[in-house]
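Participant: what's the 3D shape of this:
(chains A and B)
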Amino acid sequence: GENVEQHPSTLSVQEGDSAVIKCTYSDSASNYFPWYKQELGKGPQLIIDIRSNVGEKKDQRIAVTLNKTAKHFSLHITETQPEDSAVYFCAASREGSSASKIIFGSGTRLSIRP
Amino acid sequence: GAVVSQHPSWVICKSGTSVKIECRSLDFQATTMFWYRQFPKQSLMLMATSNEGSKATYEQGVEKDKFLINHASLTLSTLTVTSAHPEDSSFYICSARARPGLPNEQFFGPGTRLTVL
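Facilitator: Purely as a prediction, here's the structure:
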């Protein structure tokens, strides 16, 4: 079945440095790739997404890249701040199908050191 | 916009009792709602997909008679955990999608923490 792998499982970076989280997916028909941030005791919040017709998308300090050929995509957070500390999940799905569901990666616990 | 609420936010119950969790889309109509379960330090696992007015589709390994899902309106879905046991203790999260298929954005609720004693 569909699978999304995510690395690393934990990541600690100095405040102000960049953080990179990488994911690979197995379903070549996947065309929608959202990223979620989950804070302790809360539901996931969409922070950025990318569709397969583009290779990169940026929103302020957050950017996502997609390599369809290699079936992997990455989240880049620049100038990290303490409030960036959370668990981040990548996901993949087939947009355009009424039966589509989102497959989540295993999550990355990001800690920002002051 | 696109706010999803859940009620209750947390619940503690005795083993053998049933618990109902509500998921509401507050400012949009959700044709599809999803229910996830998340154990500590793990990812979200999809339990079932429910479309308004039809039976829910359960993922493999999820007991449909134990986790009853009702999607009676375009803004409300309920998950009932029947005869709950300690192993059902988990964080239950719902999400809602406004339109089928495209775009595929799902909006997540804040979650409900269930503790079964």
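
Participant: low-confidence stretches in chain B?
Facilitator: Within chain B, the set of residues satisfying pLDDT under 70 comprises B:1, B:99-104.

Participant: touching, residue B:26 and residue B:6? I think so.
Facilitator: No: at 10.9 Å, residue B:26 does not count as touching residue B:6 under the criterion of CB atoms under 8 Å. Yep, even glycine has a C-beta here, placed from its N, CA and C like the rest.

Participant: contacting residues for residue B:81?
Facilitator: B:18, B:19, B:20, B:21, B:66, B:67, B:88, B:92, B:114 (CB atoms under 8 Å, 6 or more residues apart in numbering or on different chains).

Participant: ok, what's across the strand from it?
Facilitator: Per DSSP bridges, the residues bridged to residue B:81 are residue B:19, residue B:67.

Participant: just residue A:22 next, same as before
Facilitator: Beta bridges link residue A:22 to residue A:7, residue A:74, judged by DSSP bridges.

Participant: from what I can see it touches residue A:74, true?
Facilitator: Yes: if you go by CB under 8 Å, residue A:22 and residue A:74 touch, sitting 4.8 Å apart.

Participant: pick out the residue nearest the middle of chain B.
Facilitator: Nearest to the geometric centre of chain B sits residue B:35, at 3.3 Å (CA atoms, centre = their mean).

Participant: and the nearest residue to that one once chain neighbours are set aside, what element?
Facilitator: Leaving out its chain neighbours, the residue that sits closest to residue B:35 by CB to CB, 6 or more residues apart in numbering or on different chains is residue B:47, at 4.6 Å. Here residue B:47, judged by DSSP states H and E, is contained in strand B:45-51.

Participant: strand partners of the helix or strand just after that strand, parallel vs antiparallel please.
Facilitator: Downstream of strand B:45-51, the next assigned helix or strand under DSSP H and E is strand B:57-58. In the sheet, strand B:57-58 lines up against strand B:45-51 (antiparallel) (DSSP bridges).

Participant: residues of chain A that sit close to chain B?
Facilitator: Listed as neighbours of chain B in chain A under the rule CB under 8 Å from any CB of the partner chain: A:32, A:34, A:36, A:41-46, A:49, A:89, A:93-102, A:104-107, A:109.

Participant: one more time with 6 Å, if that's ok
Facilitator: Within chain A, the positions lying close to chain B (CB under 6 Å from any CB of the partner chain) are A:32, A:42-44, A:93, A:95-98, A:100-101, A:104, A:106-107.

Participant: picking up where we left off before, more neighbours: residue B:26 and residue B:6, which one.
Facilitator: More neighbours surround residue B:6 than the other of residue B:26 and residue B:6, with 19 against 12 (other CB atoms under 10 Å in any protein chain shown).

Participant: dump the residue contacts of the more buried one.
Facilitator: Counting by CB atoms under 6 Å, 6 or more residues apart in numbering or on different chains, residue B:6 touches B:23, B:94, B:109, B:110, B:112.

Participant: in whatever helix or strand it lives in, what's buried?
Facilitator: Following DSSP H and E, one finds residue B:6 within strand B:4-7. By 16 or more other CB atoms under 10 Å in any protein chain shown, the buried positions in strand B:4-7 come out as B:4, B:6.

Participant: next secondary structure after that strand?
Facilitator: The helix or strand immediately downstream of strand B:4-7 is strand B:10-13, counting by DSSP H and E.

Participant: return the set of buried residues in that following strand.
Facilitator: Neighbour-count burial for strand B:10-13, counted by 16+ other CB under 10 Å, picks out B:11, B:13.

Participant: which helices and strands sit right next to the host helix or strand of residue B:95?
Facilitator: Using DSSP H and E, residue B:95 maps to strand B:90-97. When contacts are defined as 3 or more CB pairs under 6 Å, 6 or more residues apart in numbering or on different chains; DSSP states H and E, strand B:90-97 packs onto strand B:19-25, strand B:32-38, strand B:107-108.
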